[in-house]
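Novice: fold the following, please.
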Amino acid sequence: MKADHPPMLELAGVSGGYGKTQIIDQIDLSIGAGEFISLLGRNGMGKTTTVRAIMGIAGWVHGSILLNGSEICGAPTHIIAQSGIGLVAEGRRIFPNLTVAENLDAFAANPHHHTNPWTMDRVFALLPTLGDRVKSMGETLSGGEQQMLAIGRALMTNPKVLILDEATEGLAPTVRTLIWQILAELKDQGLAILAIDKHLGPLGALSDRYGILHKGRLVWRGTPSELGDQPKVIAKYLGV
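Specialist: Predicted coordinates for the structure are as follows:
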């Protein structure tokens with residue numbers, strides 16, 4: 001967390017799972033306004049469950065999750081979203097039978113009365129490709145366009161924190177580059193961002209800090225440059 005910013009999102013001792021199975025154990029994590037934090041780790045190590053715990057959609061969650069100082073752990077998912085967390089979920093999950101405009105409008109909200117809220121016009125200014133496809137049905141969009149729409153929908157909720165779960169997965173390199181550029185602009189605008197991704201190169205250019213998950217525990221934290229100086233950590237926890 002940057003020294004001049006209080007935590008926008010803070011997890012303390014967060015554990016969670018499904019049924020009798022515990023997936024994550026005692027996760028501590030904080031994100032300040034304008035910070036970009038990346039969660040790293042091999043598949044199946046608890047990254048998505050951490051996101052689901054934050055959003056109230058894991059099977060069960062214990063611990064404390066503070067959003068701008070208010071406890072949200074245990075709150076219903078729609079209340080958590082309304083409180084100020086925008087999620088770009090793995091797999092995009094747009095509405096295929098609605099147009100781009102209808103997809104965006106379905107998520108439009110400004111519950112905290114921002115003076116410069118995200119509107120459809122502002123989303124199109126950031127994501128001009130969507131503006132060109134405004135009347136197109138979601139199912140007709142390319143994978144990259146659908147991911148842009150998923151990001152635009154999350155922004156339409158006017159979040160305090162944006163969470164992206166594998167937002168560049170399966171996309172062409174040129175589209176991935178465009179998404180990195182968009183996220184850099186959002187960071188510059190002061191949005192707190194938590195990302196799960198595998199591409200260390202572009203993540204290193206954006207991230208203030210990394211957290212590495214291994215078997216449900218946060219086993220390493222530090223800056224991208226600090227991780228770059230520890231090839232054994234990379235090989236142990238991130239290598240194929």
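
Novice: how far away is H62 from G211?
Specialist: To G211, H62 is 19 Å away according to C-beta to C-beta, to the nearest Å. Quick note: C-beta positions are derived from backbone N, CA and C, even for glycine.

Novice: tell me which of those two has more neighbours.
Specialist: Taking neighbours as other C-beta atoms under 10 Å, H62 and G211 compare with G211 leading, 21 against 16.

Novice: three-state assignment of the more buried one?
Specialist: Per DSSP: H, G, I helix; E, B strand; the rest coil, the local secondary structure of G211 is strand.

Novice: flag every buried residue along the longest helix along the chain.
Specialist: The longest helix of the chain (DSSP state H) is helix 173-188. For helix 173-188, burial by neighbour count (16 or more other C-beta atoms under 10 Å) applies to V175, R176, L178, I179, W180, I182, L183, L186, K187.

Novice: just the strands from this protein, written as ranges.
Specialist: For the chain, the strands defined by DSSP state E cover 7-18, 21-32, 36-40, 60-67, 70-71, 85-88, 161-165, 192-196, 209-214, 217-222.

Novice: buried stuff in the second one?
Specialist: Applying a neighbour-count criterion of 16+ other C-beta under 10 Å, the buried positions in strand 21-32 are Q22, I23, I24, D25, I27, L29, S30, I31, G32.

Novice: from the buried residues of helix 173-188, pick the one nearest Q230.
Specialist: W180 (23.5 Å; C-beta to C-beta).

Novice: isn't that closest one right up against P202?
Specialist: Yes. Contact criterion C-beta atoms under 8 Å: W180 and P202 qualify, at 4.5 Å.
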